[in-house]
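Peer 1: next come a sequence and a model predicted from it.
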Amino acid sequence: MSDPYVARYNAHMDQNALKLAAAKAAIAYVPIDTIIGVGSGSTVNLFIAELAKISHRIKAAVSSSEASTALLKQANIEVMTLNDAGFLSVYIDGADEITPHLAMIKGGGAALTREKIVAAASDKFVCIADQSKLVDVLGAFPLPVEVIPMARSYVARELVRLGGHPEWRMKDDKGVVTDNGNWILDVHGLVITNPVELESTINQIAGVVTNGLFARRGADVALLASIDGVKTLTR
């Protein structure tokens, strides 16, 4: 009988290998001598490690999270604010779910607002992920919604009216606090057939900062790693 702990360890290592393959493939999308946007998450962490090897080729980076900022600085890559950087040639980030049409759910790491801002300011959005993130319909992964703390209960009631089941994201018996000082509601039970419409509808709820649907500004390119190699999807 196989050891379930060994099986889980092997599966984790296999997934890390796929994430690394996607991260390596993204390097080809980094233009020379420009400022790039860098997202957050486990796959992006691997991308930053690869980016460090060619740091002399880029001017600087704009980061979407404090965690990524720390990693970029450790790699001796200059980090600029978006206000100072202005135009970004490309934004590299992961996804929690992505469709063949390159709409995504993001925000599992609670960095969705800054990710959405940096993505909007970038000429090209390259999503890096393993093949398991590709889905036909979004919603199996709970949709994160960043909310102003005083509006948490009100927004939750409005999300229930939209057919969702919101849960306040907690850690160590406390509400998870974003880099912006806000809270996260994770909305379960959604089957998102029109992500552009739902993204706009949720963003119009008073107290919502933004939600984790990246459909109005989806990816331009997706690099999805599988055991057969890295597959490229384009808009």
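Peer 2: Right, received. Where do you want to start?
Peer 1: those helices in the chain, which residues are they?
Peer 2: For the chain, applying DSSP state H gives helices covering 4-26, 42-52, 66-74, 82-85, 112-120, 152-161, 195-203.
Peer 1: just say which of the ones you listed is most tucked in.
Peer 2: helix 112-120 (a mean of 23; mean count of other CB atoms under 10 Å). C-beta: built from backbone N, CA, C; applies to glycine.
Peer 1: tell me who's in contact with residue 90.
Peer 2: 29-31, 34, 36-37, 122-126 (CB atoms under 8 Å, 6 or more residues apart in numbering).
Peer 1: let's see 6 Å
Peer 2: By CB atoms under 6 Å, 6 or more residues apart in numbering, the contact set of residue 90 is 29, 36, 124.
Peer 1: of these, grab the buried ones for ChimeraX.
Peer 2: Remark: buried members of those, expressed as a ChimeraX selection using 16 or more other CB atoms under 10 Å:
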select :29,36,124
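Peer 1: sort out for me which of the contacts of residue 90 are in strands.
Peer 2: residue 36 (DSSP state E).
Peer 1: tell me the pLDDT of residue 34.
Peer 2: At residue 34, the model reports a pLDDT of 96.
Peer 1: so what's it up against?
Peer 2: Counting by CB under 6 Å, 6+ apart, residue 34 touches residue 89.
Peer 1: outline the domain layout of the protein.
Peer 2: As assigned by automatic domain parsing, the chain contains the domains 4-135+216-234, 143-212.
Peer 1: distance between the ends of the shortest one?
Peer 2: The separation between the terminal residues of domain 143-212, taken as CA to CA, to the nearest Å, is 6 Å.
Peer 1: low-confidence ranges in this protein?
Peer 2: 1-13 (pLDDT under 70).
Peer 1: do that again at 50, thanks
Peer 2: 1, 5-12 (pLDDT under 50).
Peer 1: so residue 208 versus residue 189, what's the distance?
Peer 2: 18 Å (CB to CB, to the nearest Å).
Peer 1: okay, the two: which has more neighbours?
Peer 2: Legend: neighbour count by other CB atoms under 10 Å for residue 208 and residue 189, higher for residue 208 (21 against 13).
Peer 1: residues contacting the more buried one?
Peer 2: 145, 147, 155, 202.
Peer 1: let's see that with 8 Å instead.
Peer 2: 145-147, 151, 155, 202.
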